[in-house]
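>>> Please work out how this folds:
(3 chains)
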Amino acid sequence: MRSRTTTGVSAIAIAATASLALAACGGAGGPQAAAAGGLTDGKVVIGLLNDQSGVYKDLSGPNSKVAIQMAIDDYKAKYGDKAVAKDIEIVTADHQNKADIANSKAQEMYDRQKADIILDVPNSAAALAVATQAKNKKKLYINIGAGTTALTGASCNRYTFHWAYNTAVLARGTAGTITKEGGTSWNIVYPDYAFGQDMNKSFSAEVTKNGGTVGQSIASPFPSDNFATFITKAGEGNPKVIGSMHAGGDLINFVKQFNQSSLKGKVQLAVGLMFITDIHSLGVDQFAGTQFTDAWYWNFDAQNKKWADRFKEKTNTRPSFAHAANYSAAMNYLEAVQEAGTDDADTIVSKLEGKKINDVFLRNGEIRKADHAVTHDVYLAKVKSSAPEEWDYEDIVKTIPAAEAYGAANPACTMG
Amino acid sequence: MSEFIQYTLQGLAAGGFYALSALGLAVIFGVLGVVNFSHGACYMLGAVIAAVLLAELSLGFWVALVVVPVVMFGFGVLMERLLVQWLLALDPLYNFLLTFGLTLILVEAVKLRYGVSGLPYEIPAGLGGQVTVGSVNLSVYAIFACVFSVVVCIAVGLLMTRTRIGMIVRAATEDAGRTRALGINVGRWVTPVFGFGIALAGLAGVLAAPTRAITAEMGSNFIIILFAVVVIGGLGSILGAVVAGFLVGLVEAYGVAYAPAYAQIVIFVLMAAVILVRPSGLFGREEVA
Amino acid sequence: MSERMSERTDEQSAERTAEWTAERASDAAGGQAATAPSGQPADDAGPALLSVTDLSAWYGEARVLTDVSVTVAPGEVATLVGRNGAGKTTLLRSVMGLHKQVKGAVALDGRDLGRRSPDARARAGIGWVPDDRGIYASLSVEENLLLPPVVHDSAWSMEKVYDHFPVLAERRDFPGTKLSGGEQQMLAMARVLRMGSRLLLLDEPSEGLAPVIVQRIGEIIREIKAQGVGVLLVEQNVTFARSVADRHYLLAQGQVVEHLSNDAFAARESELLTHLGM
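Coordinates of the predicted model:
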């Protein structure tokens, strides 16, 4: 009797252990849109597809809907009765950071919910899936949250734009600057999935280009919560800089454990991708002095601050760069619709290509026709040692001009 | 050589922590026959409560170390009385599914209340910095966490081997029906034992707070490793959980050192090997039919 | 070849038993009001310590006991004899409250135990020694002895236990299951004696043990019997059963088919052995 029970339970535990990766559950569907006549369907439908429950929820998530709504409000206020798009709807969905879910949600948004454009989609694998859908459906997709350079490289297409940043920009900003300032020997630890591998490549290339060397690139399992031994290994060979290419919870684990290691203070920690939400969660003193590349900072100037104040009224929190980028992308899309008098995707693409923009998010911005990278000034930020107010965590050390940050258009992109 | 010692020490430090975390899982399975899937979520709750105590009541690490296990004990008692007990007579799968569902609820509830980016927590005063001997060094906190874990494991071990409560728990673990037939009201011990197991998960969570990201999801990955630990050690075996905890810590550290990308896979290879050779785990009882 | 042989033997003996059962059942029905069949002891030997009345038991749909009535008086040893599968162990488990699918009454000292839990029954004075001895591997010999609560002032002290079973004293710190089979049997019996159980349910205590150990167990049963403890003994070893018991219940297919005094049992031993297929 008992023996059978125990065996059964062992089987459960083993099965559970094996299949846990699949365990994260949850489901979300955006409000259903009904189709009608006019424009293309009598209205403009903006789809927001991002992580509404996982690691990127705070970075972008539901508050990006607020940002997009702000753009819609501003558009309506600006054009009033003359607005081409009088009926604008936002539909949202949670892709749970899974490419297959992103793929089917994007399909659903374009086909059933009649979305004219999809915004955001953090997580590179998910973004690439949505870009493919956009290409097949001939509908617009503006990526914000994902960093992969493939979107403006080998996987680029006529209907996909990359608004906020990419891994190459992060590498030029962070690895380039630190190496030039004397941090010439690096060891890199990266999470072993598409984004991490991409970051590792970009950073290694940038370090080498600026005369530095990368001793070791160490892959860590994703996700992971024990980095002590990885940090020790990364310290071997006495590098000047250890680069952590992790994001979200992994990054916090890495930094906490780095701060507790003997390397703290001896080796400079460079972080590949960091968001203000990470600093907020770990506490400013844990990151104090860490340099990283930021696409936008809310307290950079009066214009940003003003927008951030509006955002705070609605959300009770400060915006990340992704929130501002969602606003900017939605606003510029609506402006293009206004200008074209239609929401037909091909017409809008022609209106957007080559457009020069200066707005709350984009400074010296340009929608580069060649690869659809939206180039703009980015910033080398340094974490303050203490926060004067909640969310005020960054000093902008340097503005990296758009041309330097983005370099030349990616030759791999053929707009196929 | 010094590198090897360094990795060994780090493996042991992580192992002590795994041992403590798996202990509660083993105790609960032993006495109730319940595979508590929510152990990872309870670990997460322990860390979150510690962070909330600090942020909202300014109660620090040392207070949390006492308060959190007490709170989690109460939580465990409620969980057993309100939910788990009703399914004890059924196939163990039912309680497994119940605790799985509970995990989803707890994780989502924490996300809803505290967001997903995590909560800040710092190393308690006096436990920062490193100890260096020659070229080998370890963080003071890692040493503290390991020693603390070992002390708790030993205390639980003594409780189990030197007290009447422990004797009854061991007997009930082996065969609850027979133990009843010897005049012991096993049911009376089930609730406190469950609460105790959950309290241990919470304690592990407090211990993790200064050194790991405190997020709603922090237990989701962790529970996988814990399952590996208890399967390797033998489900329900307390000694097994402790030994396997250290074993997994060491294997993981050596894996990182010598085959970094495979560090976590190595654990599951070890698990598979143990199951093949000894299906009931290293210290699992070979059941008499 | 030998497998097939034994199969046939089983079939044949099963047939014989079935015939015999039917015959006896009709006998009993016919002669119930009249004097008891020769050799059947009177049931009113004294106030019953244990009385089982019309107990039936099921495993799911399968009925394994049918209207079984058994009594044990203080200081008396009654055996349950029968083939494997006759329902002997189920009867003990039902008395202990471990088997739940039952109908009928079980009373201790005339008080109905109703639906009381196994632990309540144990505290009321029933001591169960299961056929696998039920020794805990994770408890030492001494812990095995100390585990159950003392439930009656007739309980043996630890000195008395060790006095009677010096081997347990020698090995008190050993894990319980490191003892030999005979030692484990002694430990299991000593454990319920230390509780002070007044009724022992012994499930095949002689099984698989050397004759000298069986003899020792017989001595112990006689000694506790002399102290007024009642014993319900399940036994397949007829010789051993005869050496310790006062009365015998023969079980076949879940029914009591014979109820014999020890003398009558002895007289018909070979016939019974054949019928029981033992």
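>>> Pull the number of nearby residues for the closest residue to residue A:383 other than its chain neighbours.
Sequence neighbours aside, residue A:287 is the residue nearest to residue A:383 in space, at 4.1 Å (criterion: Cβ to Cβ, 6 or more residues apart in numbering or on different chains). Where you see a C-beta, it was placed from the backbone N, CA and C, and this is true even at glycine. Look at residue A:287: counted by other Cβ atoms under 10 Å in any protein chain shown, it has 25 neighbours.
>>> surely residue A:287 meets residue A:280?
No - judged on Cβ atoms under 8 Å, residue A:287 makes no contact with residue A:280 at a distance of 10.1 Å.
>>> Okay, strands next: where are they in the stretch 51-200 of chain B?
Shown for the stretch 51-200 of chain B, the strands assigned by DSSP state E, counting those that start in this stretch span residues B:130-133, B:136-139.
>>> Name the residue of the stretch 151-289 of chain B with the shortest distance to chain C.
Nearest residue of the stretch 151-289 of chain B to chain C: residue B:183, at 3.4 Å (Cβ to the nearest Cβ).
>>> Skip the chain neighbours and tell me the closest residue to that residue.
Nearest to residue B:183 is residue C:122, by Cβ to Cβ, 6+ apart, at 3.4 Å.
>>> Where do the domain boundaries of chain A fall?
Domains of chain A are assigned by automatic domain parsing as A:44-165+A:299-377, A:168-294.
>>> Just send the ones you listed back as JSON lines, with mean pLDDT too.
Listed next are the domains of chain A as JSON lines, based on pLDDT from 0 to 100:
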{"stretch": "domain A:44-165+A:299-377", "mean pLDDT": "94"}
{"stretch": "domain A:168-294", "mean pLDDT": "90"}
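>>> Please convert the ones you listed to TSV, extending it with distance to residue B:176.
TSV is the format used below for the domains of chain A (distance: least, Cβ to Cβ, whole Å):
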stretch	distance to residue B:176
domain A:44-165+A:299-377	40
domain A:168-294	35
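>>> who wins for proximity to residue B:154 among those domains?
Residue B:154 lies closest to domain A:168-294 among these, at 22.9 Å (Cβ to Cβ).
>>> The residue of the stretch 1-150 of chain C found nearest chain A in helix, strand or coil?
Among all residues of the stretch 1-150 of chain C, residue C:98 sits closest to chain A, at 11.0 Å; criterion: Cβ to the nearest Cβ. Three-state call for residue C:98 (DSSP: H, G, I helix; E, B strand; the rest coil): coil.
>>> what's near enough to touch it?
B:177, B:180-181, C:118, C:128 (Cβ atoms under 8 Å, 6 or more residues apart in numbering or on different chains).
>>> so residue A:395 is in which element?
Element membership for residue A:395 (DSSP states H and E) is strand A:394-400.
>>> does any part of that strand sit near chain B?
No - for strand A:394-400, no contact with chain B is found by Cβ under 8 Å from any Cβ of the partner chain; the gap never falls below 15.8 Å.
>>> Which neighbours in the sheet does that strand have, and how are they oriented?
strand A:378-383 (antiparallel) (DSSP bridges).
>>> you'd agree residue A:218 is in a strand?
Yes - under three-state DSSP, residue A:218 sits within a strand.
>>> and it, what is it in contact with?
A:187-190, A:230, A:233-234, B:260.
>>> Please report the distance of it from chain C.
Relative to chain C, residue A:218 is positioned 43 Å away (Cβ to the nearest Cβ, to the nearest Å).
>>> Next: residue B:96.
Separation of residue B:96 from chain C (Cβ to the nearest Cβ): 24 Å.
>>> Can you get me a residue count around that residue?
Neighbour tally, residue B:96, other Cβ under 10 Å: 22.
>>> What count of nearby residues applies to residue 252?
Defaulting to chain A. Using other Cβ under 10 Å, residue A:252 has 28 neighbouring residues.
>>> could you do chain B instead?
By other Cβ under 10 Å, 27 other residues sit near residue B:252.
>>> Setting aside sequence neighbours, what's the nearest residue to it?
Nearest non-adjacent residue to residue B:252, counting by Cβ to Cβ, 6+ apart: residue B:263, 5.6 Å away.
>>> What of residue A:68?
Nearest non-adjacent residue to residue A:68, counting by Cβ to Cβ, 6+ apart: residue A:330, 4.5 Å away.
>>> check contacts around the one you found.
Residues near residue A:330 by Cβ under 8 Å, 6+ apart: A:46, A:67-68, A:71-72, A:119.
>>> farthest pair in those residues?
By the measure Cβ to Cβ, A:72 and A:119 form the most distant pair in these, at 12.0 Å.
>>> hey, what's in contact with both of the two?
Common contact partners of residue A:72 and residue A:119 (Cβ under 8 Å, 6+ apart): A:46, A:330.
>>> Between the two, which is the more surrounded one?
Between residue A:72 and residue A:119, residue A:119 has the larger neighbour count (other Cβ under 10 Å), namely 32 against 19.
>>> surely that one meets residue A:60?
No - Residue A:119 is not in contact with residue A:60 according to Cβ under 8 Å; the separation is 9.6 Å.
>>> right, and the helix or strand after the helix or strand hosting the residue nearest to residue A:68?
Per DSSP H and E, residue A:330 falls inside helix A:321-340. Later in the chain than helix A:321-340, the nearest helix or strand by DSSP H and E is helix A:345-352.
>>> tell me what that following helix is packed against?
Applying 3 or more Cβ pairs under 8 Å, 6 or more residues apart in numbering or on different chains; DSSP states H and E, we find helix A:345-352 packed against strand A:140-143, helix A:321-340.
>>> and residue B:237, what does it touch?
B:26, B:30, B:281-285.
>>> out of those residues, which is most surrounded?
Each of these was scored for neighbours by other Cβ under 10 Å, and residue B:26 scores highest at 30 neighbours.
>>> Tally up the residues packed near the closest residue in space to it that isn't next to it in sequence, please.
Counting by Cβ to Cβ, 6+ apart, residue B:26 lies nearest to residue B:241, which is 3.9 Å off, once chain neighbours are set aside. Using other Cβ under 10 Å, residue B:241 is surrounded by 32 other residues.
>>> picking up where we left off before, quick one, phi psi at the residue of the stretch 151-289 of chain B closest to chain C?
Per-residue torsions, residue B:183: phi 90, psi 10 (degrees, to the nearest 10).
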